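Colleague: Okay, structure incoming, though there's no sequence with it:
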């Protein structure tokens with residue numbers, strides 16, 4: 001509806017209609033114009049701070065404002081229009097607004113909000129990186145390469161944290177993949193960041209990310225632009241600074257600023273930017289090394305806990321454990337990049353679509369689901385210790401990453417099981433703790449005798465290690481009468497169950513979990529052949545027709561098939 005601002009028709013700006021006004025999330029006033037059929041938002045404060053820039057912008061949209069009298073007339077009309085009641089709200093950054101998720105080019109779910117989107121023109125290059133391309137099948141091909149690679153699975157879950165900001169109010173999470181050059185960490189980060197989009201410019205090789213080589217002010221703009229998503233920053237050593245010490249100082253300051261969630265108003269842009277933006281960084285230098293360069297205490301955990309160093313996995317191929325049949329790291333990395341450059345953006349949009357519906361349909365249930373996964377993770381890592389270091393904050397951050405990944409699994413965005421994700425994320429936290437202990441040394445050094453892990457040599461030994469290891473603490477206890485699975489539970493993703501069957505104690509494992517523990521289909525068959533002789537597995541059938549996946553009743557799921565092990569650990 002056009003607002004009548006004067007009884008007389010405008011003489012010089014008649015081709016411009018004023019169709020309403022409204023505030024941004026910070027209360028800043030905006031006016032909506034219709035210029036030759038195009039809808040254009042005007043940032044009212046810009047008419048005071050940089051009017052020529054704003055008028056030039058309108059000129060580009062077809063307004064005729066070269067005449068000063070025309071500009072004055074339009075200004076008076078805008079001032080008169082603002083005396084009417086506000087008719088809409090304005091989003092000046094991507095992220096959640098009024099129960100819907102704002103992208104630069106769309107609102108998800110479609111039709112859920114009539115919020116207007118206003119993004120500064122100088123960020124056009126930046127906002128281009130949130131585009132979508134490719135197919136769902138192609139995205140699933142990409143995610144299939146993540147399976148069996150703990151850092152990729154961990155990164156995919158990290159990418160899902162930001163969108164949960166309005167649900168569970170998580171502490172800020174920033175992660176640094178740290179290792180020597182050429183080990184695939186940047187390629188892995190590009191693939192992870194493609195969940196939210198990518199830049200179609202072939203000269204841009206960092207997916208939806210950018211480098212640390214930006215001013216503090218530019219990084220604040222990036223943090224706000226990636227609000228509730230994931231900001232990938234490559235090459236820590238390229239951060240602003242004339243020498244290594246200055247570079248490290250710049251980066252450490254930026255981490256604290258971004259984790260605080262607030263930028264600073266400057267010059268013609270006085271608006272304070274707020275955001276919740278998880279970070280995935282890549283580096284050849286660890287946080288303790290940066291602290292040493294800047295003459296800070298190398299054990300300053302206010303920095304170490306803000307940017308969590310994750311090293312390459314031991315015994316892997318650079319940053320990957322599983323090359324999925326490719327002959328070498330280079331070929332696997334090339335395929336990862338190829339898929340990430342062809343299929344991007346749709347997973348993030350599908351993820352927030354499901355979150356919006358989950359919050360509208362049953363917010364309490366979804367919050368309970370997330371908190372349950374956080375608690376499950378906390379129990380799984382309660383045994384991890386680090387001399388001289390408090391791990392409560394670290395456990396909490398990794399628990400949030402796990403919960404976010406489980407939400408994406410629940411919504412069928414990520415094709416993993418919860419058990420596999422739990423193993424991947426605990427592996428990353430365990431390696432982070434050991435890496436920092438080694439970097440600091442002295443009183444922080446771990447006892448190698450207590451922390452060394454012996455790789456099981458047989459499927460039977462692998463099963464023993466699993467049933468007696470930390471994941472056993474996360475098994476769902478069904479032994480109490482009336483006990484049921486948690487809300488939102490996915491059977492195929494369960495780490496295991498403690499149960500009673502005909503008065504006898506059993507441990508139930510989903511078949512996919514049992515097969516993964518054994519080491520694949522062939523080793524799984526060998527393990528099933530070995531366990532009956534030890535009287536450790538239940539079966540169905542008679543004579544030669546014995547089946548080792550048996551039916552069991554689970555309250556909340558019904559009758560499902562499991563591997564049922566005798567309660568005595570093998």
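Modeller: Sure thing, it's come through. Everything numeric in this text was worked out from a predicted model, so none of it was measured. Residues are numbered from 1 along each chain as shown.
Colleague: Pass me the low-pLDDT residue ranges in the protein, would you?
Modeller: Using pLDDT under 70 as the threshold, the predicted model of the chain has low-confidence ranges 1-8, 121-124, 214-217, 236-242, 261-273, 447-457, 542-544, 568-570.
Colleague: Centre-most residue in it?
Modeller: Residue closest to the average C-alpha location in the chain (Cα atoms, centre = their mean): residue 159, at 1.6 Å.
Colleague: OK, contacts around that one?
Modeller: Taking Cβ atoms under 8 Å, 6 or more residues apart in numbering, we find residue 159 in contact with 192, 193, 195, 196, 229, 230, 278, 280, 348. For every residue, glycine as well, the C-beta is placed using N, CA and C.
Colleague: Quick check: strands, which of these are part of them?
Modeller: Taking DSSP state E, the ones among the contacts of residue 159 that sit in strands are residue 280.
Colleague: and the helix or strand harbouring residue 73, what does it pack onto?
Modeller: The secondary structure element spanning residue 73 is helix 68-81 (assigned by DSSP states H and E). Using 3 or more Cβ pairs under 8 Å, 6 or more residues apart in numbering; DSSP states H and E as the contact criterion, the neighbours of helix 68-81 among helices and strands are strand 16-23.
Colleague: and the strand it packs on, what does it pack onto?
Modeller: When contacts are defined as 3+ Cβ pairs under 8 Å, 6+ apart, strand 16-23 sits against strand 29-35, helix 68-81.
Colleague: Any buried residues in the last one, and which?
Modeller: Along helix 68-81, these residues count as buried under the neighbour rule (16 or more other Cβ atoms under 10 Å): 70, 71, 73, 74, 75, 77, 78, 81.
Colleague: thought the fourth one was touching residue 13?
Modeller: What it means is residue 74. Yes - the pair residue 74 / residue 13 is scored as a contact, 4.7 Å apart, by Cβ atoms under 8 Å.
Colleague: so what sits against both of those two?
Modeller: 63, 65.
Colleague: For the residue nearest to residue 43 when sequence neighbours are not counted, give its distance to residue 24.
Modeller: Of all residues beyond its chain neighbours, the one nearest residue 43 is residue 30 (6.0 Å), with distances taken as Cβ to Cβ, 6 or more residues apart in numbering. The spacing between residue 30 and residue 24, counted by Cβ to Cβ, to the nearest Å, is 6 Å.
Colleague: Would you mind grabbing the residues shared as contacts by those two?
Modeller: Common neighbours of residue 30 and residue 24 (criterion: Cβ under 8 Å, 6+ apart): 90, 118.
Colleague: higher neighbour count, the two?
Modeller: Between residue 30 and residue 24, counted using other Cβ atoms under 10 Å, residue 30 has the larger neighbour count: 23 against 20.
Colleague: show me the contacts for that one.
Modeller: Applying Cβ under 8 Å, 6+ apart, we find residue 30 in contact with 21, 22, 23, 24, 41, 42, 43, 44, 90, 116, 118.
Colleague: Identify the residue nearest the second one in space, chain neighbours excluded?
Modeller: If I follow you right, that is residue 22. Counting by Cβ to Cβ, 6+ apart, the residue nearest residue 22 is residue 88, at 4.0 Å.
Colleague: The one you found reaches residue 118, doesn't it?
Modeller: No - at 10.9 Å, residue 88 does not count as touching residue 118 under the criterion of Cβ under 8 Å.
Colleague: ok, which stretches of the stretch 1-150 of the chain are strands?
Modeller: Assignment of strands within the stretch 1-150 of the chain using DSSP state E, counting those that start in this stretch yields the ranges 16-23, 29-35, 38-43, 90-91, 95-97, 100-103, 106-108, 116-117.
Colleague: And the second one, what's buried?
Modeller: Applying a neighbour-count criterion of 16+ other Cβ under 10 Å, the buried positions in strand 29-35 are 29, 30, 31, 32, 33, 35.
Colleague: can I get these in JSON lines with distance to residue 475?
Modeller: Below are the buried residues of strand 29-35 laid out as JSON lines (distance: Cβ to Cβ, whole Å):
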{"residue": "29", "distance to residue 475": "56"}
{"residue": "30", "distance to residue 475": "54"}
{"residue": "31", "distance to residue 475": "59"}
{"residue": "32", "distance to residue 475": "56"}
{"residue": "33", "distance to residue 475": "61"}
{"residue": "35", "distance to residue 475": "63"}
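Colleague: Between those, which sits nearest residue 498?
Modeller: Comparing these against residue 498 with Cβ to Cβ picks out residue 30 as the nearest, at 57.6 Å.
Colleague: Any idea what that closest one is bridged to?
Modeller: Following DSSP bridges, residue 30 is listed with bridge partners residue 22, residue 43.
Colleague: Just the strands from the stretch 301-450 of the chain, written as ranges.
Modeller: Per DSSP E, counting those that start in this stretch, the stretch 301-450 of the chain has strands spanning 308-311. These are given in chain order.
Colleague: Helices of that one, start to end?
Modeller: Remark: helices of the stretch 301-450 of the chain, listed N- to C-terminal, are 301-304, 329-342, 346-380, 392-410, 418-440, 448-451; assignment by DSSP state H, counting those that start in this stretch.
Colleague: Can you tell me which of those helices is most buried?
Modeller: With neighbours defined by mean count of other Cβ atoms under 10 Å, none of those is more surrounded on average than helix 392-410, at a mean of 23.
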